[in-house]
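*Asks:* sharing a sequence plus its predicted fold:
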Amino acid sequence: MTDTEEKRWLEDAHRDLALRAHNREAEFFKTNNDAAIKSGEEAVKALILINGGSSVAMLAFLGTLATRGQQSTQEIALLAHPLIWFALGVGLAVVAACFSYFTDSAIASLSLSRARIWQHPYVVDGEKSSSFQRVVTCCRVLAIAAAALSLASFGGGVWTAKQGFERLSTSSAPGTITAPSKKAP
C-alpha cells in the first residue's frame, strides 16, 4: 500500500467514524428527547388529574351541602378554600408543561448548535451551545419548580379541606354531617 493509498484509507476510516459519531449523537438526542417529553407529559397529566379531580370532588360535595340547605353560607365557604389550592395546582401544572416544552425546544436548539466535524471528537459545541445549555438548565429548573409547587398545592388543598371538614363537624347542628367520634383507648 502506497502512502497515498494509506492516507486515503485513513481519511475514509475517519469519515466513517465521524458519520457514526454524528449518527450516535442524532440517535442519542432523539431517544432522550422522546423519553423526556413522554415523562414530562405523564407527570403533568398526573398533576392535572389529582388537582382537577380534587376540584371536581370538592365542587360536587359543596353542591350537595348547598342543596340540602343544612349548612350556612359561611360553613360552605370554609370548604371552598381548598378549591383555590386545587385550581392553583392545575395552573402550576400547566406552567410546568409550558416550561417542559421550552426545555425540549432549547435541547433541540442545543443539538442543532453543535458542529459536526470530520476529526475526532466529530461533534463539538458551536458558538451558541453554551447559551442554549443555560436556557435548557433554566427552563428545566423552572419546570421542576412549577411541578413541585403544583404537588405542594395539592397538599395545601388536602390540608385546608381537612381543616374545613373539622370546623364544619364542630359547628354543625344536630342531624348534619359530623366527624366520627374518637374513642378513648
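*Replies:* In hand now; what should we look at? Not measured: the values here are computed from a predicted model. Numbers count the residues shown, from 1 in each chain.

*Asks:* which helices and strands sit right next to the lowest-mean-pLDDT helix or strand in the chain?
*Replies:* Ranking every helix and strand in the chain by mean pLDDT, DSSP states H and E puts helix 73-78 at the bottom, with a mean of 81. Helix 73-78 is packed against helix 3-68, helix 129-171, with contacts defined by 3 or more C-beta pairs under 8 Å, 6 or more residues apart in numbering; DSSP states H and E. Where you see a C-beta, it was placed from the backbone N, CA and C, and this is true even at glycine.

*Asks:* how about those in TSV, adding mean pLDDT?
*Replies:* Below are the helices and strands packed on helix 73-78 laid out as TSV (pLDDT from 0 to 100):
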stretch	mean pLDDT
helix 3-68	89
helix 129-171	92
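
*Asks:* pick the most deeply packed of those helices.
*Replies:* Mean neighbours per residue, mean count of other C-beta atoms under 10 Å, is largest over those for helix 129-171, with a mean of 17.

*Asks:* okay, the helices and strands packed on helix 73-78 in JSON lines with distance to G91 next?
*Replies:* As requested, these are exported to JSON lines (distance: least, C-beta to C-beta, whole Å):
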{"stretch": "helix 3-68", "distance to G91": "9"}
{"stretch": "helix 129-171", "distance to G91": "8"}
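
*Asks:* among the ones you listed, which comes closest to P121?
*Replies:* Across the helices and strands packed on helix 73-78, P121 has its closest neighbour in helix 3-68 (7.2 Å, C-beta to C-beta).

*Asks:* tell me the buried residues in the least confident helix or strand of the chain?
*Replies:* Judged by neighbour count (16 or more other C-beta atoms under 10 Å), helix 73-78 contains these buried residues: 75-76, 78.

*Asks:* distance between the helix or strand just after that helix and the chain's centre?
*Replies:* Note on helix 73-78: by DSSP states H and E, the next helix or strand toward the C-terminus is helix 81-113. Distance of helix 81-113 from the chain centroid (C-alpha atoms, centre = their mean, to the nearest Å) equals 6 Å.

*Asks:* buried stuff in helix 81-113?
*Replies:* Buried, per 16+ other C-beta under 10 Å, within helix 81-113: 82-83, 85-93, 95-97, 99-100, 102-104, 106-107, 110-111, 113.

*Asks:* quick one: distance of stretch 47-66 to the chain centre.
*Replies:* On C-alpha atoms, centre = their mean, the centre of stretch 47-66 falls 22 Å from that of its chain.
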